[in-house]
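[1] Okay, sequence plus prediction incoming.
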Amino acid sequence: MGVGPDRTSDSTASEASPAEGATTSSASVSGAPRPLPRRRRWLFPAALTTLLAALGAGAFFARSGPVGDTEPGEGITAASCPPDMVFVPGGAFLMGSDDSPEGMADDERPAHHVTLRGFCIGRTELTQAGWKAVMGTNPSFFKQGDKLPVETLSWFDAVAYCNRRSQAEGLRAAYEVEGKSVLLNPAANGYRLPTEAEWEYAARGGTAESAYGPLDEIAWHDANSGGQPHEVGTKRPNAYGLHDMLGNVWEWVGDWYGEYPANPSRQPTGPASGAARVLRGGSWAHDGFDNRVTSRVNSPPKLAYGTLGFRPVRALR
């Protein structure tokens with residue numbers, strides 16, 4: 001398979017004002033979209049990300065971080081979630097894995113304890129119908145149906161969707177955008193990307209295993225997808241009622257890519273800055289190794305591939 005991106009977001013439109021629903025420009029490609037390669041796991045190693053942050057790399061890469069001092073998640077119940085979302089109750093879990101093959105998934109170490117508040121998360125990956133209803137366009141390569149996941153999205157595109165949907169529903173936008181700076185306001189009641197910890201906690205559905213069931217039953221992956229994504233919700237959900245947490249499309253999360261902490265943490269949001277964003281969950285073009293609840297890859301936030309999508313979360317107040 002090829003290794004180049006399908007599409008690169010326009011650097012001015014996407015990085016300067018993603019909250020305004022920046023459009024993306026298509027790269028010149030032919031044939032089927034090229035999936036995010038596994039090798040991108042090491043494109044920006046955690047040590048390099050740490051070094052870039054120490055050297056003030058935020059001058060060259062968009063920064064993000066929390067603003068305000070109010071934590072999300074208080075007072076959420078199952079009845080509070082929008083119809084297309086599922087309530088995931090708060091709790092503690094062991095994030096990451098110390099059992100992954102040496103040299104293949106070192107960024108999944110160390111396994112560490114994380115405590116989270118409850119939150120609402122998309123029952124499925126965002127569909128093309130859901131994207132079009134808010135954004136009015138469809139950037140996807142595979143346009144065979146509205147129930148397919150929307151793909152070929154950059155991280156900035158996902159942020160733009162979250163803010164625009166929030167504004168359309170009269171909610172406070174979760175992202176504050178100023179120039180190349182994208183700040184998450186945890187006091188906002190609008191939509192946002194899940195943190196990496198929230199994503200893994202939701203994906204596990206209470207299991208300590210690498211998947212929440214036999215892969216063919218729960219995921220569209222390289223051996224059963226026929227070389228394309230499929231309608232969301234057609235595979236067995238996990239214990240929280242979430243579909244396609246593994247397979248179909250990789251899902252952008254809010255965090256910068258970096259090393260895991262060794263100590264326990266509460267409501268972690270990842271590094272304060274970096275060069276690449278995290279994607280989780282595997283895809284229709286990847287094998288069982290990538291389609292695990294602990295698998296991590298990373299990509300510069302302005303790049304978009306035919307295997308990249310997302311699902312939003314919402315913290316109600």
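    Structure received. Residues are numbered from 1 along each chain as shown.

[2] Nearest residue to residue 264 in space, please, no chain neighbours.
    Of all residues not flanking residue 264 in the chain, residue 113 sits nearest, at 4.0 Å (C-beta to C-beta, 6 or more residues apart in numbering). Where C-beta positions appear, they are placed from N, C-alpha and C, glycine not excepted.

[3] for this protein, what's the longest strand?
    strand 250-256 (DSSP state E).

[4] what comes into contact with that one?
    36, 49, 64, 125, 153, 155, 158, 184, 192-196, 198-199, 269-283, 297, 305, 307-311 (C-beta atoms under 8 Å, 6 or more residues apart in numbering).

[5] which of those residues are buried?
    Using 16 or more other C-beta atoms under 10 Å as the burial test, those include 36, 49, 64, 125, 153, 155, 158, 184, 192-196, 198-199, 269-271, 273-283, 297, 305, 307-311 as buried.

[6] Among those residues, name the ones in strands.
    In this view, the buried ones among the contacts of strand 250-256 that belong to strands under DSSP E are 184, 192, 277, 278, 279, 280, 297, 308, 309.

[7] from those, which two are the most distant?
    The largest separation in those, counting by C-beta to C-beta, is between 184 and 297 at 21.4 Å.

[8] What's the first helix or strand after the longest strand of the chain?
    strand 265-266 (DSSP states H and E).

[9] any idea how far that next one is from the chain center?
    Mean-position distance between strand 265-266 and its chain equals 20 Å (C-alpha atoms, centre = their mean, to the nearest Å).

[10] Next: stretch 131-148.
    For stretch 131-148 - counting by C-alpha atoms, centre = their mean - the centre lies 18 Å from the chain centre.

[11] tell me the mean pLDDT over it?
    The average pLDDT for stretch 131-148 rounds to 98.

[12] list the buried ones in it?
    Neighbour counts over stretch 131-148 (16+ other C-beta under 10 Å) mark 131, 134, 135, 139, 140, 141, 142, 148 as buried.

[13] From these, which land in strands?
    Checked against DSSP E, the buried residues of stretch 131-148 include nothing in strands.

[14] quick one: which of those residues is nearest residue 79?
    Nearest to residue 79 among the buried residues of stretch 131-148: residue 134, at 23.5 Å, using C-beta to C-beta.

[15] contacting residues around that closest one?
    Residue 134 makes contacts with 161, 164, 165, 168, as judged by C-beta under 8 Å, 6+ apart.

[16] leaving aside the residues next to it on the chain, what's closest to it?
    Among residues not flanking residue 134 along the chain, residue 165 sits closest, at 4.8 Å (C-beta to C-beta, 6+ apart).

[17] doesn't the one you found fall inside a helix?
    Yes - applying DSSP: H, G, I helix; E, B strand; the rest coil, one finds residue 165 inside a helix.

[18] can you pull the contacts of it?
    So residue 165 contacts 134, 190, 191, 312 (C-beta under 8 Å, 6+ apart).

[19] And it, how close does it get to residue 130?
    Separation of residue 165 from residue 130 (C-beta to C-beta, to the nearest Å) stands at 9 Å.

[20] same check, this time on residue 86
    15 Å.

[21] same thing with residue 154?
    Taken as C-beta to C-beta, the span from residue 154 to residue 130 is 17 Å.

[22] swap in residue 151?
    Distance of residue 151 to residue 130, given as C-beta to C-beta: 13 Å.

[23] ok now do the residue lying closest to residue 301 once chain neighbours are set aside, which residues does it touch?
    Using C-beta to C-beta, 6+ apart and skipping residues adjacent in sequence, the residue nearest residue 301 is residue 155, 3.5 Å away. Residues in contact with residue 155 (C-beta under 8 Å, 6+ apart) are 193, 252, 277, 299, 301, 302.

[24] With residue 301 instead?
    Contacts for residue 301 (C-beta under 8 Å, 6+ apart) come out as 62, 154, 155, 156, 276, 277.

[25] Equivalent analysis for residue 191, please.
    161, 162, 163, 165, 166, 171, 174, 312, 313, 314.

[26] I'd like those residues laid out as a markdown table, including pLDDT.
    Shown next, in a markdown table, are the contacts of residue 191 (pLDDT from 0 to 100):
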| residue | pLDDT |
| --- | --- |
| 161 | 98 |
| 162 | 98 |
| 163 | 97 |
| 165 | 98 |
| 166 | 97 |
| 171 | 95 |
| 174 | 97 |
| 312 | 98 |
| 313 | 98 |
| 314 | 95 |
